[in-house]
Structure formats: structure tokens, C-alpha cells
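Chemist: generate a structure from the sequence data that follows.
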Amino acid sequence: MIESDKTHLDLVRIVPSENMARFYGIALQPTLFGEVAVVRCWGRIGTRGRVMAITYPDAEQAVDALAKLENMKRRRGYVTTDE
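Modeler: This is a model prediction of the structure:
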């Protein structure tokens, strides 16, 4: 079972001068085989976007991957939807 405080994260990057409005979502989901998947979805706001999932053998590795993705996106200017 996933025992992390952060299992889902929604980020956006909106820059009107560049006509940019993007979303990026990251979620941790358990698989049927006891692994944990990091599911990412991204695209332009208002579209369905793309989805990719990578599985990890345990929750600790998946949480580390989520944190690394979050840091990378925040460096590129993404913020949470409530900021």
C-alpha cells in the first residue's frame, strides 16, 4: 500500500504572452502485482493530453520518482493549481 502524503499532484504553466497553457499531472497508483505505478498525464489545457505510466517495485522508489518529476517541472515554471 502507498503510505505517502503526496499521491497525486496537479501542475499548470500558463504564460499568456507565449500563448502557453499546459497541465501536468502525476499520480501514484498500486498495480495488481504489488508494484506501484507513477502515472503522468500532460498536454495543453483543454485537451485530453498524453498519458504514460512507469512501474516501480516498491512505493519508496515511486515516491522518489514523483518527487524528482515534481522538482523538474517546478524548475520549468509549473505551479500547483491552487497557487
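Chemist: for the most centrally placed residue in the chain, give me its contacts.
Modeler: Centrality entry for the chain: nearest residue to the mean C-alpha point is residue 26, 1.8 Å, by CA atoms, centre = their mean. Under the criterion of CB atoms under 8 Å, 6 or more residues apart in numbering, the contact partners of residue 26 comprise 8, 9, 11, 38, 39, 40, 66, 69, 70. No exception for glycine: its C-beta is placed from N, CA and C like everyone else's.
Chemist: quick one, which of those are buried?
Modeler: For the contacts of residue 26, a burial check counting by 16 or more other CB atoms under 10 Å picks out 9, 11, 38, 39, 40, 66, 69, 70.
Chemist: in a strand, the third one, correct?
Modeler: Yes: counting by DSSP: H, G, I helix; E, B strand; the rest coil, residue 38 is part of a strand.
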